[in-house]
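Visitor: mind looking at a prediction? Sequence and model below.
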Amino acid sequence: MIQAPRGTFDILPEDAARRARLEGEAAAILGAAGYRRIETPTFEATELFARGVGEATDIVRKEMYSFDDGAGRSMTLRPEGTAPVCRAYIEHGMHKLPQPVKLWYLSSFFRAEAPQRGRYRQFWQIGAEAIGSAAPETDAELIVLLAEVLQAAGVGDVELHLSSLGTPEARVEYREELKRYLRAHEDRLSPEVRDRIDANPLRAFDAKDRATREVMQSAPTLLERLEGEDAEHFARVRALLDAAGLRYELDPSLVRGLDYYTRTLYSFESPRLGAQSEVGGGGRYDRLIEQLEGPPTPASGWAAGVERMLLATELAAAPPEPVDVFVAVADAAGTGAAFALAQDARRAGLSAQLELAGRSLKGQLRHADRIGARYVAIVGEDSHASLRDMSSGEQREVPRDAVIAAIKEAHP
Ligand code: ATP
Ligand code: MG
């Protein structure tokens, strides 16, 4: 038997309904704040992620699905959405539009990770990006919007972790200090972290093993060293969140798996998720557009994992769609008329299903009951139909061409 690849999953109809509901909530919340939907290609030039996400990140080092496009160019299934959205911003000259350009997406992403609960090789994210604004208000607004999306998704009890990375220039000195600290404790660090002291020392804060974590507890933090405009920007973000009544925890150990962040950084964690506790997160990335050869453009954004939201949500699976009428056939002579009646009913705005499995009349009634049909119209040879109200069991004869009106009258 051929199965879906490891770490991937099928979205079955009952899941699709929950997802559609989540999509609707997100579209309403983000749309009301002026965000417009964007969809980029499923694959991009590998170089986009190498440059955009960063060569030293886990994503680029070992999680990308890359392939040759047949003409000698390396392509990669998108592992994240920000770099592609920025590529589109540059490619379509969106810097000429009123700024910031506010975009959102709901797309699937691909990472060659070890599959486990909440961690897959193809997964979905809802993301939002505001490109062209350096204002702390933009960061605070994005954070509030993510909190609202999570709330609407039923992911209530989340914790917001907040930090700031300052600018890359401000980080230079700190990185050296951190490297010195890591070298001094090298013997207790995991080999992974040790190998990357030079390439990506900040990533040590994200290590999962106990010994490294212990070392990192006393490590110097960037948050303590924020100065000047970086400090002002962060103070303003905090003041806005305070004013909005959104609680957060300052988390100096917060680092994210992408290299492009500057200043504001955050994540929302759900205690209901266990090891993969992050439902969503993001931050400011003021240098990314420039890094991708666009004009210097500040920007900010987040992404939230759809599967993690659904795992953490209390929302039950959505009930199946209601069926206004099931069109049954009394005998073979009625099939043409039944087919036409089902079509007419749908055109008239009713949901209608037709017998398609050659069941006996009794079998058809049982099936109609199982799918929750409100009415069954039994069509035979003559120009009448029997219309059965499935809740009362009452059945009456009506002219075939009056069936739709009769149902609409009862359920306007
Ligand atoms: P994690 O630390 O859990 O690996 P990340 O730092 O890689 O997360 P991002 O790249 O910022 O996460 O992605 C944003 C969101 O996408 C995460 O908060 C999470 O909800 C979701 N996500 C990330 N990777 C996966 C995955 N492999 N499977 C399912 N969801 C994921
Ligand atoms: Mg990851």
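Guide: Good, I have the coordinates. Ligands and ions are numbered 1, 2, ... in the order given.
Visitor: in this protein, which helix has the most residues?
Guide: Counting residues, the longest helix found in the chain (DSSP state H) is helix 13-32.
Visitor: and that one, what does it pack onto?
Guide: strand 101-110, strand 122-131, helix 136-152, helix 306-312 (3 or more Cβ pairs under 8 Å, 6 or more residues apart in numbering; DSSP states H and E). Bear in mind the C-beta positions are built from the backbone N, C-alpha and C, glycine included.
Visitor: want to throw those into CSV with mean pLDDT and distance to ligand 1?
Guide: Formatted as CSV, these follow (pLDDT from 0 to 100; distance: least, Cβ to the nearest ligand atom, whole Å):
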stretch, mean pLDDT, distance to ligand 1
strand 101-110, 98, 7
strand 122-131, 98, 3
helix 136-152, 97, 10
helix 306-312, 93, 4
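Visitor: want to try CSV for those, with mean neighbour count as columns?
Guide: Compiled in CSV, the helices and strands packed on helix 13-32 are given as follows (neighbours: other Cβ atoms under 10 Å):
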stretch, mean neighbour count
strand 101-110, 21
strand 122-131, 23
helix 136-152, 22
helix 306-312, 23
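Visitor: I'd like these as TSV, with distance to residue 242 appended.
Guide: Formatted as TSV, the helices and strands packed on helix 13-32 follow (distance: least, Cβ to Cβ, whole Å):
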stretch	distance to residue 242
strand 101-110	24
strand 122-131	21
helix 136-152	10
helix 306-312	25
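Visitor: centre of the chain to whichever helix or strand comes after the longest helix of the chain, how far?
Guide: Proceeding N to C from helix 13-32, the next assigned helix or strand is strand 36-37, under DSSP states H and E. Distance of strand 36-37 from its chain centroid, counting by Cα atoms, centre = their mean, to the nearest Å, is 14 Å.
Visitor: bridging residues for the nearest residue to residue 129 once chain neighbours are set aside?
Guide: Spatially, and ignoring its direct neighbours in sequence, residue 129 is nearest to residue 301 (3.5 Å; Cβ to Cβ, 6 or more residues apart in numbering). Beta-bridge partners of residue 301, counted by DSSP bridges, are residue 129, residue 283.
Visitor: please apply the same query to the one 4 residues further on.
Guide: Beta-bridge pairing of residue 305 under DSSP bridges involves residue 125.
Visitor: that one - how many residues pack around it?
Guide: 23 (other Cβ atoms under 10 Å).
Visitor: tell me the contacts of it?
Guide: 118, 123, 124, 125, 278, 279, 280 (Cβ atoms under 8 Å, 6 or more residues apart in numbering).
Visitor: for these, name the two members farthest from one another.
Guide: Among the contacts of residue 305, the pair separated by the greatest distance (Cβ to Cβ) is 124 and 278, at 15.0 Å.
Visitor: which bits of the chain sit near ligand 1?
Guide: Within the chain, the residues that sit near ligand 1 (Cβ under 6 Å from any ligand atom) are 80, 111, 113, 118-120, 123, 125, 256-257, 276, 278-281, 303-305, 307-308.
Visitor: shaky segments in the chain?
Guide: 256-259, 314-319, 411-412 (pLDDT under 70).
Visitor: residue 33 - nearest residue in space that isn't next to it in sequence?
Guide: Of all residues not flanking residue 33 in the chain, residue 145 sits nearest, at 5.8 Å (Cβ to Cβ, 6+ apart).
Visitor: what sits against that neighbour?
Guide: So residue 145 contacts 29, 30, 33, 35, 128 (Cβ under 8 Å, 6+ apart).
Visitor: ok, back up a step: pull the CA atoms of the longest helix of the chain into PDB?
Guide: Taking Å, rounded to 0.1, in the frame of the first residue of the first chain, the C-alpha atoms of helix 13-32 are listed here in PDB:
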ATOM      1  CA  PRO A  13     -13.200  16.600   5.000                       C
ATOM      2  CA  GLU A  14     -13.900  17.000   8.700                       C
ATOM      3  CA  ASP A  15     -10.500  18.700   9.200                       C
ATOM      4  CA  ALA A  16     -11.100  20.900   6.100                       C
ATOM      5  CA  ALA A  17     -14.200  22.400   7.700                       C
ATOM      6  CA  ARG A  18     -12.300  23.400  10.900                       C
ATOM      7  CA  ARG A  19      -9.500  24.900   8.800                       C
ATOM      8  CA  ALA A  20     -12.000  26.800   6.600                       C
ATOM      9  CA  ARG A  21     -13.400  28.300   9.800                       C
ATOM     10  CA  LEU A  22     -10.000  29.300  11.000                       C
ATOM     11  CA  GLU A  23      -9.200  30.800   7.600                       C
ATOM     12  CA  GLY A  24     -12.500  32.800   7.800                       C
ATOM     13  CA  GLU A  25     -11.700  34.200  11.200                       C
ATOM     14  CA  ALA A  26      -8.100  35.200  10.200                       C
ATOM     15  CA  ALA A  27      -9.300  36.800   6.900                       C
ATOM     16  CA  ALA A  28     -11.900  38.900   8.900                       C
ATOM     17  CA  ILE A  29      -9.400  40.000  11.600                       C
ATOM     18  CA  LEU A  30      -6.600  40.800   9.200                       C
ATOM     19  CA  GLY A  31      -8.800  42.300   6.500                       C
ATOM     20  CA  ALA A  32     -10.300  44.700   9.000                       C
END
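Visitor: list the buried residues in that helix.
Guide: Residues of helix 13-32 classed as buried by neighbour count (16 or more other Cβ atoms under 10 Å): 18, 19, 22, 25, 26, 27, 29, 30.
Visitor: show me where the stretch 151-300 of the chain has its strands.
Guide: Secondary structure of the stretch 151-300 of the chain, counting by DSSP state E, counting those that start in this stretch: strands at 159-164, 249-250, 262-269, 278-284, 299-305.
Visitor: quick one, the fourth one and strand 122-131 angle?
Guide: What separates the directions of strand 278-284 and strand 122-131 is an angle of 30 degrees, with axes from the mean of the first three to the mean of the last three Cα atoms, to 10 degrees.
Visitor: ok so residue 88 is a helix residue?
Guide: Yes - checked against DSSP: H, G, I helix; E, B strand; the rest coil, residue 88 lies within a helix.
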